[in-house]
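> structure, please.
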Amino acid sequence: MSSVLVISGSPSRTSKTERIGEHVAQRLAAADRSVEHLRVRTLPAEALLGADTRDPAIADATASVAEADGIVLATPTYKAAYSGLLKTFLDLLPQFGFAGKAVLPLATGGTVAHVLAIDYALRPVVHSLGARHAVQSFFLLDKHLSVVGDQLSVHPDSAEPLTDVIEQFTKALDGVPHATVLGRSA
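Numbering: from 1, shown residues only. Okay, here's the model as predicted:
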């Protein structure tokens, strides 16, 4: 059974981004994956900002990255880029901290004007960390996410494409060749 670490990079406790991270975690767990959800906002701020990798919480978080077969990065889009909180955490990782891993980059934002931020800002960092395979990233509009009580609802315009990228990610976790992941036979 492959293991997945979902990393949510939103500073907000009521974040839709964190909710979509949890939604993806639940979907992956239902597909027989071992899933852990790291909410970067819960790490000790002083240790995180000071890059204190000896701090027990920071050490545990970076160990979780090292032990995972796959990583899901969930970030809000601020000022046409992924969150500074996520960047601060990713900066703590060793140079090839994603080596051998499949990675699924996800972002949320208020307007489609930010859709390219995920590919022009986050994807290069994922590759520089040595990811074995970064699957198709996905951007979700805030208006396509609603929370009622504790339940997240994803608008149909985003639900089906999200299902597709989760499927691509699970195939990448299983080592399925890229052409097959994209729905073409090899």
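
> my guess is H155 contacts P161, does it?
No - using CB atoms under 8 Å, H155 is not in contact with P161; the gap is 10.7 Å. C-betas here are computed from N, CA, C, even on glycine.

> can you list residues touching both of the two?
Common neighbours of H155 and P161 are not found (criterion: CB atoms under 8 Å, 6 or more residues apart in numbering).

> so what's F96 closest to, chain neighbours aside?
Sequence neighbours aside, G130 is the residue nearest to F96 in space, at 3.6 Å (criterion: CB to CB, 6 or more residues apart in numbering).

> look at that neighbour and say how many residues are nearby.
By the criterion of other CB atoms under 10 Å, G130 has 16 neighbours.

> over to the one 4 residues further on?
When neighbours are counted by other CB under 10 Å, A134 registers 23.

> beta partners of it?
V103 (DSSP bridges).

> contacting residues around it?
Going by CB under 8 Å, 6+ apart, the list of residues near A134 reads A102, V103, L104, P105, R123, V126, H127.

> again, only this time at 10 Å
71, 73, 98, 101-105, 119, 122-124, 126-127, 169, 172 (CB atoms under 10 Å, 6 or more residues apart in numbering).

> apart from its chain neighbours, what residue comes closest to the most centrally placed residue in the chain?
In the chain, the C-alpha nearest the mean C-alpha coordinate belongs to L73, at 1.4 Å (CA atoms, centre = their mean). Excluding its sequence neighbours, the residue lying closest to L73 (CB to CB, 6+ apart) is P105, at 5.0 Å.

> show me what contacts the one you found?
Neighbours of P105 in contact, by CB under 10 Å, 6+ apart: 71-75, 82, 118-119, 121-123, 125-126, 131, 134-139, 165.
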